[in-house]
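K.L.:
mind looking at a prediction? Sequence and model below.
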Amino acid sequence: RKEVEQDPGPFNVPEGATVAFNCTYSNSASQSFFWYRQDCRKEPKLLMSVYSSGNEDGRFTAQLNRASQYISLLIRDSKLSDSATYLCVVKLYGGSQGNLIFGKGTKLSVKP
Amino acid sequence: GAVVSQHPSWVICKSGTSVKIECRSLDFQATTMFWYRQFPKQSLMLMATSNEGSKATYEQGVEKDKFLINHASLTLSTLTVTSAHPEDSSFYICSASGLAGGLGETQYFGPGTRLLVL
């Protein structure tokens, strides 16, 4: 079983739509959780951290369910500029310091 | 703040040559730097973790004699791909963090170096 699994998509949605991405992780010892966005041929950029209580940043809402080892990202009112690949990332403590485990990403394409 | 640069941004080389990639933290001191590799349509994979002034810790399956890492200062780490072959062609990305744990645990990524070995 892969450590971090995501639906690769692509998700093709019209502008203004609401879209949700899901992610599952296999290591119950995972301590920190993040969503990154990666544009084509660019480095990943931190979108938001994910907290147990759920957190929101503008149009983006992240949720974490530790019992189910499940993370989600909701994007409301999609913009053309939201088109990118969204990476689910978990961090383990212990082993390599600061080891981030990346999912393969979910590709989002927002159309006019 | 927290800007990380990489040089070069892309490189094309012949098989058998060595390629050095630099990673710099421009406005903070990076106690730890990480090197990742990403093949097309694949996830980023951690290759090694380096702490300033000590030997890098390599992930399983990464040849330390082929991928030489030097982290001689708090703002510079280098990755040298020795005797590069076509299968080493990939997108190499570094990241840096300023502190171990706490508020400084965020990794800041460089823009990446695209390597093509002919």
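P.N.:
Sure thing, it's come through. Residues are numbered from 1 along each chain as shown, chains lettered A, B, ... in the order given.

K.L.:
okay, helices next: where are they in chain B?
P.N.:
In chain B, no segments count as helices under DSSP state H.

K.L.:
low pLDDT regions in the chain?
P.N.:
No chain was given, so I picked chain A. A:1-2, A:93-98 (pLDDT under 70).

K.L.:
right idea, wrong chain: chain B
P.N.:
B:1, B:99-105.

K.L.:
beta partners of the residue nearest the centre of it?
P.N.:
Using C-alpha atoms, centre = their mean, the residue of chain B that lies closest to the mean C-alpha position is B:W35, 3.3 Å off. For B:W35, the beta-bridge partners are B:A48, B:C94 (DSSP bridges).

K.L.:
residues contacting it?
P.N.:
Listed by C-beta atoms under 8 Å, 6 or more residues apart in numbering or on different chains, the contact partners of B:W35 are B:23, B:46-48, B:50, B:67, B:69, B:77, B:79, B:92-94. Bear in mind the C-beta positions are built from the backbone N, C-alpha and C, glycine included.

K.L.:
and B:V4, what are its bridge partners?
P.N.:
Here B:V4, judged by DSSP bridges, has bridge partners B:S25.

K.L.:
now swap in B:N70 and tell me
P.N.:
Applying DSSP bridges, one finds that B:N70 bridges with B:T78.

K.L.:
in a helix, A:V110, correct?
P.N.:
No: per DSSP: H, G, I helix; E, B strand; the rest coil, A:V110 lies outside any helix segment and is strand.

K.L.:
number of nearby residues for it?
P.N.:
For A:V110, the count of nearby residues is 20 (other C-beta atoms under 10 Å in any protein chain shown).
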